[in-house]
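Engineer: Structure for the following, please:
(chains A and B)
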Amino acid sequence: AQRVTQPEKLLSVFKGAPVELKCNYSYSGSPELFWYVQYSRQRLQLLLRHISRESIKGFTADLNKGETSFHLKKPFAQEEDSAMYYCALSSGSARQLTFGSGTQLTVLP
Amino acid sequence: EAGVAQSPRYKIIEKRQSVAFWCNPISGHATLYWYQQILGQGPKLLIQFQNNGVVDDSQLPKDRFSAERLKGVDSTLKIQPAKLEDSAVYLCASSPRQIETQYFGPGTRLLVL
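Structural biologist: The predicted model follows:
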């Protein structure tokens, strides 16, 4: 069965510092991975997906199949990046999403 | 474009009572999902519809939970009878097709006393 692990429930960094949110997965097939974000009082929304290889709001994430990881990175954190971040894995013929438990990122001024 | 709508936003009931949640997906979206998000956890898929057919309901506790999507548009999720452990946020999401981005509603926060 597939599993997504986000080892840090809480993460605090100072504005301008680099940030990395960790995500590890367990899946026997070919994974498709996503990062979703929920800002305060807003809906859960897609931030980025690995197949698009985009940089969204300065965030990037690289799929490392050897380490089964999909860490989210940003070189210079901003206060508006403070939010809950969820890593998710798409699997099965119906492409169901399995979410991690989330990391609450706080960017301090 | 209007987003996914859900109602009610909040509901408080006593255990063994029944409750129903409603979801209106984005117009034209064929796929609809219901998730349960317990405090401190990520969303867990309960059921997935493609138009008005069920694609996956493997994690739906069918002894007390039921869901339908009549006419392939709106959907309702029902819990009967509710248990304390059903306290959670129930999220509805929709996507144009199964493999595409999911758009989430604001959620219904349920508290079972």
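Engineer: of all the residues in chain B, which ones are close to chain A?
Structural biologist: When proximity is defined as Cβ under 8 Å from any Cβ of the partner chain, chain B approaches chain A at B:3-4, B:33, B:40-45, B:48, B:50, B:55-56, B:91, B:93, B:98-99, B:101-107. For every residue, glycine as well, the C-beta is placed using N, CA and C.
Engineer: Check those for burial and list the buried ones.
Structural biologist: B:4, B:33, B:42-45, B:48, B:50, B:55-56, B:91, B:93, B:98, B:102-107 (16 or more other Cβ atoms under 10 Å in any protein chain shown).
Engineer: Filter the residues you listed down to the ones in strands?
Structural biologist: B:Tyr33, B:Lys44, B:Leu45, B:Gln48, B:Gln50, B:Val55, B:Asp56, B:Leu91, B:Ala93, B:Tyr103, B:Phe104 (DSSP state E).
Engineer: Dump the residues you listed to TSV, plus distance to B:Gln17.
Structural biologist: Formatted as TSV, those follow (distance: Cβ to Cβ, whole Å):
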residue	distance to B:Gln17
B:Tyr33	25
B:Lys44	22
B:Leu45	25
B:Gln48	27
B:Gln50	31
B:Val55	29
B:Asp56	28
B:Leu91	21
B:Ala93	26
B:Tyr103	31
B:Phe104	26
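Engineer: Now compare these and name the two farthest from each other.
Structural biologist: Greatest spacing in those, by Cβ to Cβ: B:Lys44 and B:Gln50 (19.3 Å).
Engineer: In chain A, which residue sits nearest chain B?
Structural biologist: Nearest residue of chain A to chain B, counting by Cβ to the nearest Cβ: A:Phe99, 3.2 Å away.
Engineer: Please name the bridge partners of that residue.
Structural biologist: With DSSP bridges as the criterion, A:Phe99 is bridged to A:Ala88.
Engineer: Also the one 4 residues further on?
Structural biologist: Here A:Thr103 sits in beta bridges with A:Tyr85, as judged by DSSP bridges.
Engineer: Let me see the contact set for it.
Structural biologist: A:Gln6, A:Glu8, A:Lys9, A:Leu10, A:Leu11, A:Leu21, A:Lys22, A:Met84, A:Tyr85, A:Tyr86 (Cβ atoms under 8 Å, 6 or more residues apart in numbering or on different chains).
Engineer: So the second one, which state does it fall into?
Structural biologist: Of the three states, A:Glu8 takes coil under DSSP: H, G, I helix; E, B strand; the rest coil.
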